[in-house]
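J.: just a sequence and a predicted model for now, questions to come.
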Amino acid sequence: MPFLRELHITNMQNLTYIASGAMSNLIALHEVYISHNPRLITIHHDTFSSRRNNEESEEWPPIMKVSVMCHILKYGPVYVLNILFFICHGLFC
């Protein structure tokens, strides 16, 4: 799905984690909304990043807006802020 610009992950009752690289093929992603997933406890900090041809640096989609709400994340607010930092990589956050 290289042309997807907006992603909503909402009301998924059995979602417990979002793994490393799970969204790495969403290279045009601009907005991410993750809400009302009551069992979600982990969002890996590399969920949206990818490495091409074993490069040292990571590539990130141009995410400009992130909303993460109503979750019991494993590491609490500090972890969520770290995720947002990694996702936004300092461009718009």
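T.: Looks like it arrived, so ask away.
J.: so which residues of the chain form helices?
T.: Shown for the chain, the helices assigned by DSSP state H span residues 76-88.
J.: low-scoring stretches of it, by residue?
T.: Judged against pLDDT under 70, the low-scoring parts of the chain cover residues 70-93.
J.: do a quick rundown of the strands in it.
T.: Along the chain, counting by DSSP state E, strands occupy 6-10, 17-18, 31-35, 42-43, 65-69.
J.: nearest to Asn25, out of those?
T.: strand 6-10 (11.6 Å; C-beta to C-beta). The way it works is simple: take the backbone N, C-alpha and C, and place the C-beta from them, glycine included.
J.: who's Ile18 bridged to?
T.: Residues found in beta-bridge contact with Ile18 (criterion: DSSP bridges) are Ile43.
J.: once you drop chain neighbours, what's closest to Ile9?
T.: Nearest residue to Ile9 in three dimensions, chain neighbours excluded: Ile34, at 4.7 Å (C-beta to C-beta, 6 or more residues apart in numbering).
J.: please tell me how far the one you found sits from Arg51.
T.: The spacing between Ile34 and Arg51, counted by C-beta to C-beta, to the nearest Å, is 23 Å.
J.: neighbour count winner among the two?
T.: Shown here are Ile34 and Arg51; by other C-beta atoms under 10 Å, Ile34 has more neighbours (22 against 13).
J.: which residue of this protein sits farthest from its center?
T.: What lies farthest from the middle of the chain is Asn53; by C-alpha atoms, centre = their mean that is 21.9 Å.
J.: measure that one to Ile27 for me?
T.: Counting by C-beta to C-beta, the separation of Asn53 from Ile27 is 15 Å.
J.: Arg5 too?
T.: Counting by C-beta to C-beta, the gap between Arg5 and Ile27 amounts to 10 Å.
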